[in-house]
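1. Dropping a prediction and its sequence here:
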Amino acid sequence: MSGQTPEISAEAVVLPQPRRRQRRSKHRPAWEGRPSIGGQALKVIVLAAVVLAVVFPLYTVILTSLSTQAETIRVGGLVTVPGELTINAYTQILGGGIVARAALVSTFITVVGTVLSTTVSVMGAYGLSRPGSFAHRPILFVFLITMFFGAGLIPTYLLVSSLGLINSYWALILPGAVSAFNVLILRNFFMGIDVSILDAARIDGAGDWRILGRIVLPMSRAVIAVVALFYGVGYWNAFFNAILYINDNAKWPLQLVLRSYVLQGVTLPGSGVGQVDVATGAVTGLPIKMAVMVLAIVPILLVYPFVQRHFTKGVIFGAIKG
Amino acid sequence: MSLSELVRRRPPVTPGEAAPPAPVPTRKIGWRVRLKRDRSLLIMVTPAILLLGVFAYVPMLGNVIAWQNYSPYTGFLHSPYVGWANFERVFTNPLFVNAVENTLIITAFQLVFFFPIPILLALLLNSVITPSVRTTIQSIVYLPHFFSWVLVVTVFQQIFGGAGLINQTLSNHGLGSGFDMMTNPDTFLVLITMQSVWKDAGWGIIIFLAALSTVSPELYEASAVDGAGRWRRMWHISLPALRPVIILLLILRLGDALTVGFEQLILQRNAVGAGVSEVIDTYVYFQGVVYGDWSFAAAAGLVKGVVSLALVLGANKLAHVFGESGVYKRA
């Protein structure tokens, strides 16, 4: 090994005068020298700034949602240093009224939509994973074309309204239920599975349904989890579909409530939220607004850590190349 | 049914021999036999095809209203055809031209100030050698990608808006008040780019990190032994490794040149005004769904769709010319 010689000579030079600061990281390869102090410091500062840019806004939003309204008035807005804490905002919004209902609507759409989309996509991807099967290329093209040419907003809207789906939750689920991109992620992964395993099952008499359920699905849990996360996040976060198709604000999903009540500062009539406002004299309470935001983040924060470790290069890279 | 039919895709392999590199389509089998054999596969694809058929392909046909004087009362079938009149109106409309200009300005600005950031971040993160630190930073910076635009815009409003954290801090320290980026048309381009960076730049590094992880450590070692410093290793090893990915993403971005943050912009259109925030997508939405000029809006949307398609195909052609594989391979 050519790397051996420099390493030994470096040790020989360093050993006579060992200093505590000179301890090298066990992860640093032997051939690599120590970085300069200035470069190291710059790196730490930039990375810390990046991390802080993500974490700080979340911290202050969460802290404000847990503060009393008096505290937010005292500091003049968002709370950055913990002061008087309370969970009043959460008991208010979850106690009923429009926010709680919207959260339920969003949960329903997300769960039903994700199950439907993931099931349809997994089946579609498996059906497309055999080059040489009947009509394989034409079917593949049916998927690919939708990635390059979108029909446009107006015809889609007219279609959904002529199907009578206005004010129906299905309007938030069906139009985007299948993403060709996600199908290709899955297909790419399925095609990477060792064919000899599938052939063995086939010789043992298993049909395609059994192979999909018993062999392919258990081997693909990670990629399916990632695709389900993509779909789930899409359904949870979608707000424009709801603007288009849901006119009845009793049926609003959480993102629309967030937009109207928090971003645009509209006071929603008949909501539990309104009572607080009367009591304090303020039009809207900042802690409650921030609590609605936290409510919109929480499901993502709950699911994300479990799926995030599957963002491997295989899943993402295969997707882009697919 | 013979064994070679059961074992699709490839001829039987003798034990000990390496598997053939590419699956060989079984062309010799007649279509009737393949239809029977692949029945289950076709059934599995059917739900997805039906959904795409209804919600992607039927609307494509629905674009015929761009050549009609469509009214919801007469419907697709009975509205009169007016030739290219709607397209003429689109191209001579100053508001549409303004929307196209805004779209292109935003795309160009983000290409310069957004696109390089994930590359730089990935190179920086790749140089972090402690695995636990690196994965922690990764998980944190990916996170905002999964937030909705409503949430991102609201977070920015709470920090950069008139009642936001910055203005609040400035006025608490007597440094003047009136800082409000959310309603200032002059800084709108900077604002939306900051929002895009905050939301998606972290997620953008994932693909560059994946590309960097495929580089053999021996390359770095050999060049280090030959006396190349950190910067030279980055320039001559890391960046060339990223080249195909960078070109690929540039192509995808170019194909999306006319699509700029629809949800992001429509959320902020009222605050800064249509003058700077109107893009093609928002223009189509307002003309059609809000003002009811369906045929005109469909024509404008169709122009965008066709130009976008041409851009993707053109950019991909360009990539082939430069010897890169592009989004799809040459068939």
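-> That came through fine.
2. Going by C-alpha atoms from here, please, whenever you check contacts or count neighbours.
-> Fine.
3. show me the contacts for A:Val115.
-> By CA atoms under 8 Å, 6 or more residues apart in numbering or on different chains, the residues touching A:Val115 are A:Ala228.
4. Same question for A:Gly150.
-> A:Gly150 sits next to B:56, B:60, B:305 when contact means CA under 8 Å, 6+ apart.
5. Please tell me the pLDDT value assigned to it.
-> A:Gly150 carries a pLDDT value of 85.
6. What of A:Leu268?
-> 53.
7. What is the burial count for the nearest residue to B:Ile106 once chain neighbours are set aside?
-> In space, and not counting its chain neighbours, B:Ile106 is closest to B:Leu189: 6.7 Å by CA to CA, 6 or more residues apart in numbering or on different chains. For B:Leu189, the neighbour count with other CA atoms under 10 Å in any protein chain shown is 17.
8. Does B:Leu189 fall in a helix, a strand, or a coil region?
-> The three-state label given to B:Leu189 by DSSP: H, G, I helix; E, B strand; the rest coil is helix.
9. thought it was touching B:Thr107?
-> No - with contact defined as CA atoms under 8 Å, B:Leu189 does not reach B:Thr107; the gap is 10.1 Å.
10. Now the element after the helix or strand of chain B with the lowest mean pLDDT, going C-ward?
-> Of all regular secondary-structure elements in chain B, judged by mean pLDDT, DSSP states H and E, the least confident is helix B:3-6 with a mean of 38. The helix or strand immediately downstream of helix B:3-6 is helix B:31-37, counting by DSSP states H and E.
11. Leaving out chain neighbours, which residue sits closest to A:Pro229?
-> For residue A:229 the amino acid is Leu, not Pro. A:Val307 (7.3 Å).
12. Dump the helix or strand hosting B:Gly202 to CSV, keeping only the CA atoms.
-> Here B:Gly202, judged by DSSP H and E, is contained in helix B:202-213. Taking Å, rounded to 0.1, in the frame of the first residue of the first chain, the C-alpha atoms of helix B:202-213 are listed here in CSV:
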residue,chain,number,x,y,z
GLY,B,202,-31.3,21.4,2.0
TRP,B,203,-33.3,18.7,0.2
GLY,B,204,-31.4,19.6,-3.0
ILE,B,205,-28.1,18.4,-1.5
ILE,B,206,-29.3,14.8,-1.2
ILE,B,207,-28.6,14.0,-4.9
PHE,B,208,-25.2,15.7,-4.9
LEU,B,209,-24.2,13.8,-1.7
ALA,B,210,-25.3,10.6,-3.4
ALA,B,211,-23.2,11.4,-6.4
LEU,B,212,-20.2,12.2,-4.2
SER,B,213,-20.6,9.0,-2.2
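13. ok, and what's touching that helix?
-> A:312-313, A:316-317, B:118-119, B:121-123, B:126, B:138, B:141-145, B:238, B:241-242, B:245.
14. Quick check: mean pLDDT of the lengthiest helix in chain B?
-> Longest helix in chain B, counting residues (DSSP state H): helix B:294-321. Per-residue pLDDT values over helix B:294-321 give a mean of 89.
15. Spell out whether it and chain A are in contact.
-> Yes - using CA under 8 Å from any CA of the partner chain, we find that helix B:294-321 touches chain A at B:294, B:297-298, B:301-302, B:305-306, B:308-309, B:312.
16. how many neighbours does residue 204 have?
-> Just so you know, I chose chain A. By other CA under 10 Å, neighbour count at A:Asp204 equals 9.
17. Chain B is the one I meant
-> 23.
18. Check what pLDDT it gets.
-> Note on B:Gly204: pLDDT of 89.
19. same check, this time on A:Arg20
-> pLDDT recorded at A:Arg20 is 53.
20. same thing with A:Gly124?
-> 96.
21. So what touches the helix or strand where B:Leu120 lies?
-> In the assignment (DSSP H and E), B:Leu120 maps to helix B:116-126. Identification of contacts with helix B:116-126 by CA under 8 Å, 6+ apart yields A:43, B:134, B:197, B:201-206, B:208-209, B:212, B:234, B:238.
22. if we go to 6 Å?
-> By CA atoms under 6 Å, 6 or more residues apart in numbering or on different chains, the residues outside helix B:116-126 that reach it are B:201, B:204-205, B:209.
23. so how far is the helix or strand following it off the chain centroid?
-> Downstream of helix B:116-126, the first helix or strand assigned by DSSP H and E is helix B:131-142. Distance of helix B:131-142 from the chain centroid (CA atoms, centre = their mean, to the nearest Å) equals 24 Å.
24. Counting by contacts, list what helix B:131-142 packs against.
-> helix B:202-213 (3 or more CA pairs under 6 Å, 6 or more residues apart in numbering or on different chains; DSSP states H and E).
25. Could you tell me which residues within the helix it packs on count as buried?
-> Neighbour-count burial for helix B:202-213, counted by 16 or more other CA atoms under 10 Å in any protein chain shown, picks out B:202-212.
26. Low-confidence ranges, the stretch 201-322 of chain A, go.
-> Along the stretch 201-322 of chain A, the parts satisfying pLDDT under 70 run over A:267-284, A:312-322.
27. Mind jotting down where the helices sit in it?
-> According to DSSP state H, counting those that start in this stretch, the stretch 201-322 of chain A carries its helices in the segments A:208-211, A:217-219, A:221-237, A:240-245, A:254-257, A:273-280, A:286-308, A:313-321.
28. Can I get those helices in JSON lines including distance to B:Phe160 and mean neighbour count?
-> Formatted as JSON lines, those follow (distance: least, CA to CA, whole Å; neighbours: other CA atoms under 10 Å in any protein chain shown):
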{"stretch": "helix A:208-211", "distance to B:Phe160": "54", "mean neighbour count": "17"}
{"stretch": "helix A:217-219", "distance to B:Phe160": "47", "mean neighbour count": "14"}
{"stretch": "helix A:221-237", "distance to B:Phe160": "22", "mean neighbour count": "22"}
{"stretch": "helix A:240-245", "distance to B:Phe160": "24", "mean neighbour count": "18"}
{"stretch": "helix A:254-257", "distance to B:Phe160": "21", "mean neighbour count": "25"}
{"stretch": "helix A:273-280", "distance to B:Phe160": "24", "mean neighbour count": "15"}
{"stretch": "helix A:286-308", "distance to B:Phe160": "16", "mean neighbour count": "19"}
{"stretch": "helix A:313-321", "distance to B:Phe160": "33", "mean neighbour count": "17"}
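29. right, so of the ones you listed, which gets closest to A:Ala48?
-> Within those, the stretch nearest A:Ala48 is helix A:286-308; the backing value is 20.9 Å (CA to CA).
30. on contacts alone, who are the packing partners of that closest one?
-> helix A:37-65.
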